[in-house]
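Enquirer: give the three-dimensional model of this entry:
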Amino acid sequence: MKRIIIIATAVLMVAAVFSSCLKTQSGSEITLINNKIEIDAALKAYAAIYEKQTGIKVAIRSFGGETPYAPNIAAMFNSGTEPEIFVIEGKAGYDDAKRSGRIVDLSNEPWVNDTDVAYIDPADGKIIGFPVAVEGWGLGYNKALLAKAGVDPNSLTNAAAMKAAFEKIDSMKSQLGLDAVVSMVAGPGMTWVTGLHGVNAYLTLGLPYNHSTGIIDMMLDGKVDSARLTKFAEYYNMLFRYSNRNTLLTGGYDQQLGDYAIGKTMFIHQGNWTDPTFQDLGITFEMGYVPHAYLDETTDGIFVGAPSWYLINAKSKNIEEAKKFLIAMASTPEGHDYMVNKAGMVPAFKSVTYTPAGQLSKAVQEWASKGKIYSWQQNEMPDGFGMNTLGPIFHQMASGQIGVAEFVRLFTNSVSSIK
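Expert: Numbers count the residues shown, from 1 in each chain. As a prediction, the model looks like this:
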């Protein structure tokens with residue numbers, strides 16, 4: 001209890017400091033609250049450029065890492081601090097913003113037609129969220145090794161082709177220098193890989209982008225598509241069988257990336273956010289993505305979406321200046337340079353011509369430019385359901401405690417508890 005009181009006091013003290021700072025602002029200053037600590041320096045540098053160009057100061061306050069965003073932004077709001085721009089990551093953030101009256105309609109902003117991943121208010125269809133960036137994932141692969149194995153990545157678009165490729169590569173492990181076919185994790189602490197990103201494959205693979213919510217709607221109604229879920233379970237069971245067992249069951253993020261980085265696996269189940277780590281590790285081999293193709297029919301696409309969105313706070317004092325800042329970020333050369341070259345993000349706007357340096361980010365941009373993408377809907381699940389409820393079921397199958405049929409049964413029973 002003492003530790004909880006200390007943490008709560010510290011959070012309130014942080015909020016009080018920010019409140020004091022914001023009260024000194026003039027009409028020519030806005031504040032943006034950022035939830036990606038890794039882009040803090042780049043965002044502040046862009047804000048300085050913007051101030052030099054316009055005379056409008058943009059104060060950046062970043063949370064992340066050991067200073068979680070959610071409790072801190074909540075503490076700021078509770079203290080009466082009202083920044084102009086803040087971040088949501090999905091339904092939970094939207095619900096809080098809607099309930100508290102902090103949403104501004106951005107439907108008529110000029111950047112709206114330049115992106116496919118703005119946040120749409122489900123209540124009225126209005127655009128309310130500016131996409132911070134685009135992230136994506138499929139099944140990452142080592143191009144040179146896959147070519148050496150004689151497998152065409154363009155053929156890996158259905159369950160039969162994936163199964164045949166895994167079997168062939170597994171039979172060639174010694175000559176390819178592999179320890180396992182795929183670098184996969186399903187242990188405690190890594191349930192975001194399975195219970196969120198994995199489950200999203202069940203929710204959206206093969207479905208029209210942003211225009212089909214049939215599977216997630218069924219889930220929220222407590223139901224599953226049993227045939228689809230069975231195919232999904234068979235695919236993940238295959239990933240588990242062809243993984244390094246130690247990494248699969250007890251390995252963390254670093255071990256998963258490390259196995260792939262040193263060429264000991266052909267594939268990796270991760271997204272383009274791994275690029276900075278791979279660059280730090282000095283990876284020189286070429287990489288790309290193939291789909292998580294678990295269905296019998298062709299599914300030629302990967303999962304691409306915005307992980308977070310900037311909302312303009314309806315309770316702030318400088319709404320129009322906040323709008324102008326986001327317009328500049330989306331439409332100017334300096335804003336584009338910031339997003340791609342300085343922050344290393346995959347841009348969410350079609351007019352951006354820069355290409356990110358990271359190989360998997362380039363792959364995401366290539367798939368997106370071809371329109372071969374499927375939606376992110378994992379964040380529409382109830383808070384904690386994917387990681388805390390479904391994630392452990394994946395772990396049971398990965399460890400061999402249960403098979404496909406039992407996985408489907410447990411998954412189905414868990415979903416039935418939602419309604």
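Enquirer: please make it C-alpha for all contacts and neighbour counts, starting now.
Expert: Fine.
Enquirer: confidence score at K143?
Expert: With respect to pLDDT, K143 scores 98.
Enquirer: quickly list what the residue lying closest to Q270 once chain neighbours are set aside is bridged to.
Expert: The shortest distance from Q270 to any non-neighbouring residue, by Cα to Cα, 6 or more residues apart in numbering, is to W137 (6.0 Å). Counting by DSSP bridges, W137 is bridged to G271, F303.
Enquirer: the strands in the stretch 301-419 of the chain, which residues?
Expert: For the stretch 301-419 of the chain, the strands defined by DSSP state E, counting those that start in this stretch cover 302-305, 309-312, 373-374.
Enquirer: got the ones you listed as a markdown table, with mean neighbour count columns?
Expert: Output for those, formatted as a markdown table (neighbours: other Cα atoms under 10 Å):
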| stretch | mean neighbour count |
| --- | --- |
| strand 302-305 | 26 |
| strand 309-312 | 25 |
| strand 373-374 | 27 |
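Enquirer: make CSV out of those and add distance to A357 and mean pLDDT.
Expert: Shown next, in CSV, are those (distance: least, Cα to Cα, whole Å; pLDDT from 0 to 100):
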stretch, distance to A357, mean pLDDT
strand 302-305, 18, 95
strand 309-312, 23, 98
strand 373-374, 21, 94
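Enquirer: what's the closest of the ones you listed to V404?
Expert: Taking Cα to Cα, strand 302-305 is the member of those nearest to V404, at 23.7 Å.
Enquirer: other residues contacting that closest one?
Expert: Residues outside strand 302-305 that contact it (Cα atoms under 8 Å, 6 or more residues apart in numbering) are 117, 134-138, 201, 205, 289-292, 364, 367-368, 372-376.
Enquirer: now, those residues that are in helices?
Expert: Within the contacts of strand 302-305, residues falling in helices by DSSP state H are A201, V364, W367, A368.
Enquirer: between the residues you listed, which is nearest P356?
Expert: V364 (9.8 Å).
Enquirer: list the contacts of the closest one.
Expert: E135, G136, W137, N272, Y289, I302, V304, V346.
Enquirer: before we move on, what about M397?
Expert: N237, G403, V404, F407.
Enquirer: just list the residues touching the third one, thanks.
Expert: If I follow you right, that is V404. Applying Cα under 8 Å, 6+ apart, we find V404 in contact with T230, A233, E234, N237, M397.
Enquirer: just among those, which is most surrounded?
Expert: For those, the largest number of neighbours (other Cα atoms under 10 Å) sits with A233, at 24 neighbours.
Enquirer: state the pLDDT value of it.
Expert: 98.
Enquirer: the one 10 residues further on now?
Expert: pLDDT for S243: 98.
Enquirer: give me the contact list for the helix or strand G140 falls within.
Expert: In the assignment (DSSP states H and E), G140 maps to strand 139-142. Contact partners of strand 139-142, identified using Cα under 8 Å, 6+ apart, comprise 263, 266-271, 285-292, 360.
Enquirer: so what's the residue count around Q256?
Expert: Q256 is flanked by 21 other residues according to other Cα under 10 Å.
Enquirer: whoops, I mixed them up, W273
Expert: W273: 17 neighbours (other Cα under 10 Å).
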